[in-house]
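Trainee: My questions concern the predicted model and sequence given below.
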Amino acid sequence: MLEITNLHVRLTDGREILRGIDLSVNSDEVHAIMGPNGSGKSTLAAVLAGRDGYEITEGAVTYLGRDLLAMPAEERACEGLFLAFQYPVEIPGVNNMYFLRAALNAQRRYRGEPELDAGQFLRAVRAKLKFLDIGEDLLQRAVNVGFSGGEKKRNEIFQMAMLEPRLAILDETDSGLDIDALRAVARGVNQQRAPDRAILLITHYQRLLGYVEPDRVHVLQGGRIIESGDKDLALELERRGYGALGDAA
Amino acid sequence: MPHDLYEVSPMSAVVDFPVKPEARLYLEAFGRDFGQHTREPDWLSRQRRRSLARFAELGFPSRRSEAWRYLDLRALEAAPMLPVGAVRAIGGVPAPDLLAAVGLSETAYRLVLVDGHYAPELSTFGGLPSGVWLGATAVAIGERPDLMRSAIEAPPLDAARPFAALNAAFFADGFVLEIAPGIALDQPIEIVHLASGGSGGSLHTRSLVSVGAGSRASIFETFAGHGSYWRNDVVELRLAAGAELTRVGLVEEAADALHFGETLAALGSASRLASFVLLLGGRTVRYEATVRSEGEATHCALHGGFVLSGRQEANIVTTVDHAAPGGETREVFKGVAAGRAHGAFQGRITVRPGAQKVDANQLSRNLVLGPRAAIDTKPELEIYADDVKCSHGAAVGDLDEAALFYLATRGIGREEARRMLIEAFVREAVELVGSPQFREHLLKRLARRLAMLEE
């Protein structure tokens, strides 16, 4: 489903952040990308989602057989790519429900499906809410405005549940969460594992992987994947730390 | 009686005082329109002539005048739009359709003015509680002479207000709402000013709202029209002790219209004024509010905004003058300019000596969309008391790129995302309007305006 080949990316100021990423994700897999701060994890997530300000100097990304990098961000989203933000953006004045319905209907329009009216949308919301620990009051507030760290992350997972993506990229969704929030987020992610849904977990710590079991684990360092393995690699990393691995590489 | 030196001969434009060239045609029009006008009381005719003389002396404001520096009036100077004041309302054929489009969907009391004249066939305000007088200014002059005389003679014709002087000379009609003490009017009063498009000249309306001690009322005022015209509206708001007034103004003038609206408010002790204005339509729109907090512990909420595109120009000018202690002022203004539009906000808050414990806060936030749009903002605090809490903030910026990207990653295309963010930006000010009915109508008209925001 996702094929990244020799991806090189640099910032507009010339600094090279990704230096030849190769990664292949099948449609039913959960991959974890781990690595120390500054290794390029969030850049990879941003480039896949279509954020401006990066220059792709080499390589290619194929998603569902199409050239991902040629599509604008909204088209990637409509094609089923979802990014859960490390720092979800606050949007004053835009009601969370209104926003989500606009998003869902934009994607439905793209796929040639009829839009949901307010009643249909509300029923869909209620069905998803049952599985996530999210209060309905959160939905009536402006997008992420005044949300706690945990509420913001749960809201990301809730959006993911509503939009039902084919490929979900979770950028440090576990960071800054207390244990209850971490469990709630993990529960949300596990519920959404599906044969036609790939998940890319980007994380600094092994913590989340105690709740969400990945099929593959990759270690990103200095803009390259220096090691890949199964879920045991994450445990080993937790024990040895990134430093030791970096030396070995 | 220095004003009486400025006597205008009713039948001609021959005058014995200095006249600015751009005022000459207006003087001639006055001679034509009011020369044979004999049914008005003497005090009013006198006041008209005095005001005309003052306008002739002042002429149009130059850009050196601080209150007018952001507005380009050259077009108006080049092609004068003479008053259609004393002529009866013109046609008014498209008025019902326009009214249906711009009016509130449900309204108990509605007074409509077409081309500056009361239109009884479009108005419905029967069944008002006793102690409430609502009607046309022209009628009020006959039925409420003391009230009207005090209102019309009171405002100073100072140099910064030449168009108020022109208005005082030429006003044909308007509305008057007078509420006796101790009456809570729960249903809002809707005032609709329509321009039929047949006039081509200037429409001068003069209105008055007087809310008695401890009384409460709310007014929704809409300005709309077809064609090319210049509306010059002056309204005075008087709040007695403990009175509460909500006034919302929605300016949706025709694309080719000029709109100058002036609000003068006087607040008695412990009275509350909640004012909101949204400027959406018109080529050149100016809204000026001057609030004088005369009694102690007044509360003044002065909010609003503008949404401009194409070559639109808008200017919001506010002055709140705290002359007594303990007053509170809240101002939030949101400006949006796209295309080649130009907006400006000038807000002054004055705290006079002895007006201690005044708490005033002013915020002017603005969105400039595109390289050719511009917004000026100029907050001013003038404080002459030492125990006050006053603050202001002003910002001019573009849409938040991080928010646009966030929306894009959810599948929302750039155009829709921009519209959502612009609407949210203005909505923050609209949410300050207390009445859900008013808010809903404002948001509906705002959404319609934003759908046409070509850039």
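Mentor: Noted; the coordinates are in hand.
Trainee: how about the residues of chain B near chain A?
Mentor: B:400-403, B:405-414, B:416-417, B:420-421, B:423-425, B:427-428, B:431 (CB under 8 Å from any CB of the partner chain). Where C-beta positions appear, they are placed from N, C-alpha and C, glycine not excepted.
Trainee: Residues contacting stretch A:79-88, please?
Mentor: A:42, A:45-46, A:48-49, A:63-64, A:66, A:68, A:71, A:144, A:147, A:152-153, A:155-157, A:159-160, A:163, A:165-173, A:175, B:406, B:409 (CB atoms under 8 Å, 6 or more residues apart in numbering or on different chains).
Trainee: In helices, which of those residues fall?
Mentor: Among the contacts of stretch A:79-88, DSSP state H puts A:42, A:45-46, A:48-49, A:152-153, A:155-157, A:159-160, A:163, B:406 in helices.
Trainee: in which helix or strand would I find B:Phe17?
Mentor: Per DSSP states H and E, B:Phe17 falls between elements, in no helix or strand.
Trainee: Kindly indicate which of the ones in helices among the contacts of stretch A:79-88 lies nearest B:Asn361.
Mentor: Checking the ones in helices among the contacts of stretch A:79-88 against B:Asn361 with CB to CB, the nearest one is A:Lys152 at 29.0 Å.
Trainee: Just the buried ones from the contacts of stretch A:79-88, in ChimeraX syntax?
Mentor: Only the buried members of those enter the following ChimeraX selection, criterion being 16 or more other CB atoms under 10 Å in any protein chain shown:
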select /A:42,45,46,48,49,63,68,71,144,147,152,153,155,156,157,159,160,163,165,166,167,168,169,170,171,172,173,175 /B:406,409
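Trainee: how many neighbours does residue 232 have?
Mentor: Picking chain A for this. Neighbour count of A:Asp232, defined by other CB atoms under 10 Å in any protein chain shown: 9.
Trainee: ah, I was thinking of chain B
Mentor: For B:Asn232, the neighbour count with other CB under 10 Å is 25.
Trainee: still on that earlier bit, which of the ones in helices among the contacts of stretch A:79-88 lies closest to B:Ile141?
Mentor: Using CB to CB, the ones in helices among the contacts of stretch A:79-88 come closest to B:Ile141 at B:Tyr406, 58.1 Å.
Trainee: can you pull the contacts of the residue nearest to the closest one when sequence neighbours are not counted?
Mentor: Setting aside the residues directly before and after it, B:Tyr406 is nearest to A:Val89 in space (CB to CB, 6 or more residues apart in numbering or on different chains), at 4.0 Å. For A:Val89, the contact set (CB under 8 Å, 6+ apart) comprises A:143-144, B:400, B:402-403, B:405-406.
Trainee: Tell me if A:Val89 really is in a strand.
Mentor: No. Under DSSP: H, G, I helix; E, B strand; the rest coil, A:Val89 sits outside any strand and is assigned coil.
Trainee: Can you show me the helices along the stretch 301-450 of chain B?
Mentor: With DSSP state H, counting those that start in this stretch as the criterion, the stretch 301-450 of chain B has helices at B:401-408, B:414-430, B:436-451.
Trainee: pLDDT averaged over the longest one - what is it?
Mentor: Translated: helix B:414-430. The pLDDT scores in helix B:414-430 average 94.
Trainee: Please apply the same query to the shortest one.
Mentor: Per-residue pLDDT values across helix B:401-408 average out to 97.
Trainee: So what touches it?
Mentor: A:50-52, A:72-74, A:77, A:85, A:88-91, A:99, A:103, B:414, B:416-418, B:420-421.
Trainee: likewise stretch B:410-424?
Mentor: A:72, A:74, A:77-78, A:91-94, A:99-100, A:102-104, A:106-107, A:110, A:142, A:159, A:163, B:307, B:336, B:367, B:369, B:399-400, B:403-404, B:407-408, B:446-447, B:450-451, B:453.
Trainee: who touches A:Gln191 in this structure?
Mentor: If you count contacts by CB under 8 Å, 6+ apart, then A:Gln191 has A:131, A:161 around it.
Trainee: so what pLDDT did it get?
Mentor: 89.
Trainee: cool, and B:Arg50?
Mentor: pLDDT at B:Arg50 comes out at 92.
Trainee: any idea how far it lies from B:Leu27?
Mentor: 13 Å (CB to CB, to the nearest Å).
Trainee: Also A:Arg197?
Mentor: The value you get for A:Arg197 to B:Leu27, if CB to CB is used, is 79 Å.
Trainee: State the number of residues packed around A:Gly176.
Mentor: 15.
Trainee: my guess is it meets A:Gly149, correct?
Mentor: Yes. With contact defined as CB atoms under 8 Å, A:Gly176 counts as touching A:Gly149 (4.5 Å).
Trainee: Output the below-cut-off pLDDT ranges for the chain.
Mentor: Went with chain A since none was named. A:243-249 (pLDDT under 70).
Trainee: hmm, I had chain B in mind actually
Mentor: For chain B (pLDDT under 70), the answer is B:1-16, B:35-38, B:85-94, B:198-199, B:455.
Trainee: wait, what's in contact with residue 67?
Mentor: Unless you meant another one, I'm taking chain A. A:60-61.
Trainee: Can you look at chain B instead?
Mentor: Taking CB under 8 Å, 6+ apart as the test, what B:Ala67 contacts is B:61, B:160, B:288, B:317, B:346.
Trainee: picking that back up, would you format the contacts of A:Val89 as a markdown table with distance to B:Gln362 included?
Mentor: Formatted as a markdown table, those follow (distance: CB to CB, whole Å):
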| residue | distance to B:Gln362 |
| --- | --- |
| A:Val143 | 27 |
| A:Asn144 | 28 |
| B:Asp400 | 23 |
| B:Ala402 | 27 |
| B:Ala403 | 25 |
| B:Phe405 | 32 |
| B:Tyr406 | 30 |
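Trainee: Closest one to A:Gly38 out of these, please.
Mentor: Distances from A:Gly38 to these, taken by CB to CB, are shortest for B:Ala402, at 20.7 Å.
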